[in-house]
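Participant: 3D, please:
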Amino acid sequence: MPREIHPGTQAPPIDAFGDGGFRIAGVRSDGDTLIALNEVRPWSRRGDILTADDFAAFLSADDKPDMVLLGMGARLTHPPAEVRQAFRQARIGLEVLNTATACRTYNLLAGEGRSVGAALIAV
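Facilitator: Numbers count the residues shown, from 1 in each chain. Presented below is the predicted three-dimensional model:
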């Protein structure tokens, strides 16, 4: 179930990650997780291969972030061209990183007040 962080406040920080989930703004989120603007929610990917549909929370949102950080787990692998193309068409930057680096980068950008989202595969 999505957890809304009060609108107008700073983006929720990622306090910790590992052991199959994340602690975001002091609350544990088990499994893959999305942070889309002021909301933290489970990320129900449709399979092992990512598709543009897996990113609907960002791509079809009325208030799109400037950038999405995609944490691909322990090893860096790139999503299919279809996913990268969908982000280009939506005019949203996509940065693909391992999950640890994605969490650190998200905190840095969110702390600067940047419009950033995260799609994080649990490790």
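Participant: doesn't Ala119 make contact with Pro65?
Facilitator: No - using Cβ atoms under 8 Å, Pro65 makes no contact with Ala119, being 10.8 Å away. All C-beta spots, glycine's among them, are computed from the backbone N, C-alpha and C.
Participant: what is in contact with these two at once?
Facilitator: By Cβ atoms under 8 Å, 6 or more residues apart in numbering, Pro65 and Ala119 have these common neighbours: Phe58.
Participant: Please say which of the two ends up with more neighbours.
Facilitator: Ala119 (26 against 22; other Cβ atoms under 10 Å).
Participant: How about residues contacting whichever strand or helix holds the more buried one?
Facilitator: Taking DSSP states H and E as the criterion, Ala119 maps to strand 116-120. Outside of strand 116-120, the residues within contact range by Cβ under 8 Å, 6+ apart are 11, 14, 17, 22, 32-37, 43, 54-55, 57-58, 65-71, 99, 102-103, 106, 109-110.
Participant: Which ones among the residues you listed map onto helices?
Facilitator: Here DSSP state H is the test, and the contacts of strand 116-120 give 57-58, 99, 102-103, 106, 109-110 as lying in helices.
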